[in-house]
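Asks: Got a predicted structure plus its sequence, pasted below:
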Amino acid sequence: MRRIETDIVVVGAGPAGSMTAKWAAKGGADVLMIEKRQEIGSPVRCAEGISKHWVEEVGITVDPKWIAREVRGAKIVSPSGHTFLVDEKNAGNEVGWVVDRVFFDKALAADAARAGTEILLKTSATSLIREDGKIAGVMAQSYGEPVEIRAKCVVGADGYESQVGRWAGIDTSLKADDIDTCYQYRLTGIDYDPDYCEFTLGSAAPGGYVWVFPKNEDTANVGIGVQLSKVKHPADPKMYLDKFIAKNPGLKKGQPLEAVAGAVSICAPLDSVSTDNLILVGDAARMIDPITGGGISISCIAGMCAGKVLAKGVQANDLSMNTLQEYETAWRDRLENKQWRNWMAKEKLTTLSDETLDKIVHTFSKYGVDKLSVQGLLAVIKEHHPELVKEFEEFI
Ligand SMILES: Cc1cc2nc3c(=O)[nH]c(=O)nc-3n(C[C@H](O)[C@H](O)[C@H](O)COP(=O)(O)OP(=O)(O)OC[C@H]3O[C@@H](n4cnc5c(N)ncnc54)[C@H](O)[C@@H]3O)c2cc1C
């Protein structure tokens with residue numbers, strides 16, 4: 001059997017994996033990144049929206065090749081059609097650019113390769129190697145052949161369906177309330193506003209929302225996320241989306257170029273995403289914004305935190321929790337509070353009736369909002385709908 005030795009093996013070449021690999025390799029570690037698919041970035045299971053402000057921080061060079069559309073902001077639409085515009089700077093993690101992930105994910109992997117990462121496609125991790133009870137790498141199938149990959153640390157960057165965490169005994173299980181099941185079309189030939197990412201709230205998408213993310217003047221990613229606890233039949237998300245499109249004359253005239261199904265976690269931060277000689281990053285670690293279901297920026301930021309700590313651990317020849325605790329601290333300092341806050345907000349938002357959502361969105365659009373923070377939004381609600389404030393007492 002083929003045997004490979006490396007410092008770090010990264011399982012999964014999505015944004016989390018490539019970013020971890022890049023920063024670890026930049027810091028001098030030997031890194032092998034394995035990807036089960038034969039093409040990085042494809043097929044796309046994503047609405048492809050990202051904000052702009054974090055890109056420089058993680059060292060990504062902006063390339064027009066992966067930008068499909070630049071948008072001005074977000075359009076929040078209430079169940080009866082009230083609309084509230086939010087400019088791009090205040091609109092959250094998914095609004096700024098709509099990217100082309102086929103190019104974007106490859107660009108991140110190419111950066112990792114430039115830093116020295118070796119990449120193996122069509123290579124799927126199948127189990128962990130343990131030696132004297134200690135994690136010592138992964139077994140994989142590479143182009144149909146078994147391969148033993150010995151490593152000082154395993155990185156589970158294997159996405160929503162992650163198995164690496166489970167193999168390591170890290171609890172990544174999710175409640176039905178903490179999962180959004182998604183369905184999306186790429187629709188072309190539509191009439192719509194290509195300058196805004198649109199989010200429609202309420203019973204059109206129980207516990208989630210319908211999105212329209214512009215790809216170009218007449219083409220958009222039109223999708224839906226529905227809270228799993230509110231799904232009675234696996235085909236429900238598609239059914240809700242088809243109903244939404246049928247009611248919208250501009251979208252109804254479109255034709256599909258692609259259809260994809262997927263899921264995202266919308267949970268609170270996990271208690272732990274690491275153990276001796278193994279860490280989880282990105283969707284595998286349930287690092288996703290629980291309100292929007294967006295995780296590209298979060299995966300990249302956490303990947304950078306991870307890669308830097310792994311490089312240090314390789315130099316010190318210590319990839320036990322002694323060193324990896326620094327990763328837990330780094331990603332939590334940067335991301336944990338927001339994930340908690342947005343999870344609490346999601347828990348509340350998913351209980352609001354269409355009538356309440358209408359009142360809230362109408363109030364924001366009529367009176368405006370000085371500051372787009374939970375406190376800023378609540379101040380406006382308090383002034384114009386004091387009767388609703390009790391719904392949000394725990395946030396005040
Ligand atoms: C429908 C939908 C729409 C979304 N829209 C947005 C959006 O607009 N904006 C946003 O920010 N986020 C969005 N997300 C979330 C976003 O796609 C993820 O947060 C992001 O891709 C996470 O990156 P990752 O690297 O952790 O995981 P992934 O991108 O899922 O990458 C994981 C990689 O691991 C590989 N892999 C899995 N198992 C193995 C194995 N055993 N061996 C080897 N390789 C393996 C997979 O093939 C994959 O390439 C959306 C998600 C869905 C489902």
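Replies: Cool, the structure landed.

Asks: Mind jotting down where the helices sit in the stretch 51-200 of the chain?
Replies: Secondary structure of the stretch 51-200 of the chain by DSSP state H, counting those that start in this stretch: the helices cover 101-114, 164-168.

Asks: Those: which one's closest to residue 367?
Replies: With Cβ to Cβ, the closest approach to residue 367 among the helices of the stretch 51-200 of the chain belongs to helix 101-114: 37.5 Å. In this view, the C-beta of every residue, glycine as well, is placed from N, C-alpha and C.

Asks: pLDDT (mean, whole number) over the closest one?
Replies: Averaging pLDDT along helix 101-114 yields 98.

Asks: Over to stretch 51-60?
Replies: 94.

Asks: Just the C-alpha atoms of it, please, in CSV.
Replies: Taking C-alpha atoms only, stretch 51-60 is exported to CSV below (Å, rounded to 0.1, in the frame of the first residue of the first chain):
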residue,chain,number,x,y,z
SER,A,51,-18.9,40.6,2.0
LYS,A,52,-15.7,42.4,1.2
HIS,A,53,-14.2,43.6,4.4
TRP,A,54,-12.5,40.3,5.5
VAL,A,55,-10.8,39.4,2.3
GLU,A,56,-7.6,41.4,2.8
GLU,A,57,-7.3,40.2,6.4
VAL,A,58,-6.9,36.6,5.3
GLY,A,59,-4.5,37.4,2.5
ILE,A,60,-6.8,36.8,-0.5
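
Asks: Let me see the contact set for residue 209.
Replies: Neighbour list for residue 209: 199-201, 224-225 [criterion: Cβ atoms under 8 Å, 6 or more residues apart in numbering].

Asks: Please name the nearest non-neighbouring residue to it.
Replies: residue 199 (4.9 Å; Cβ to Cβ, 6 or more residues apart in numbering).

Asks: ok, that neighbour - contacts?
Replies: Taking Cβ under 8 Å, 6+ apart, one finds 74-77, 209-211 in contact with residue 199.

Asks: Same check on residue 365?
Replies: 82-85.

Asks: switch the cut-off to 10 Å
Replies: 76-78, 82-85 (Cβ atoms under 10 Å, 6 or more residues apart in numbering).

Asks: now do residue 324
Replies: 153, 273-279, 306, 309-310, 313, 318.

Asks: now residue 65
Replies: Residue 65 makes contact with 99-100, 103-104, 106-107 under the criterion Cβ under 10 Å, 6+ apart.

Asks: any idea how far it lies from residue 93?
Replies: From residue 65 across to residue 93, the span is 22 Å (Cβ to Cβ, to the nearest Å).

Asks: and the contacts of residue 65, which two are the farthest apart?
Replies: So, the contacts of residue 65 by Cβ to Cβ: farthest apart are 99 and 106, at 11.4 Å.

Asks: quick check: domain ranges of the chain?
Replies: Annotated domains of the chain cover 2-48+102-173+269-346, 70-98+175-265, 352-395 [automatic domain parsing].

Asks: Go through those and pick out the most buried.
Replies: Ranked by average neighbour count under the criterion mean count of other Cβ atoms under 10 Å, these are headed by domain 2-48+102-173+269-346 at a mean of 21.

Asks: List the beta-bridge partners for the closest residue to residue 328 other than its chain neighbours.
Replies: Excluding the flanking residues, the one nearest residue 328 by Cβ to Cβ, 6+ apart is residue 274, at 5.9 Å. Assessed by DSSP bridges, residue 274 has beta-bridge partners residue 279.

Asks: per-residue confidence for residue 274?
Replies: pLDDT, read off for residue 274, is 98.

Asks: Just confirm it contacts residue 169, I think it does.
Replies: No - checked against Cβ atoms under 10 Å, the pair residue 274 and residue 169 is beyond contact range at 11.6 Å.

Asks: still on that earlier bit, return the set of residues that bridge with the residue nearest to residue 209.
Replies: residue 76, residue 211.

Asks: what do residue 99 and residue 106 both touch?
Replies: 65-66.

Asks: Report all helices and strands that the helix or strand of the chain with the lowest mean pLDDT contacts.
Replies: Ranking every helix and strand in the chain by mean pLDDT, DSSP states H and E puts helix 374-384 at the bottom, with a mean of 73. When contacts are defined as 3 or more Cβ pairs under 10 Å, 6 or more residues apart in numbering; DSSP states H and E, helix 374-384 sits against helix 337-349, helix 354-367, helix 386-389.

Asks: near the ligand, which residues of the stretch 251-396 of the chain show up?
Replies: 262-264, 282-284, 288, 293-297, 299 (Cβ under 6 Å from any ligand atom).

Asks: Which of those fall in helices?
Replies: 296-297, 299 (DSSP state H).

Asks: Take those and lay them out in JSON lines including pLDDT.
Replies: Formatted as JSON lines, these follow (pLDDT from 0 to 100):
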{"residue": "296", "pLDDT": "97"}
{"residue": "297", "pLDDT": "97"}
{"residue": "299", "pLDDT": "98"}
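
Asks: Good, we can wrap up now.
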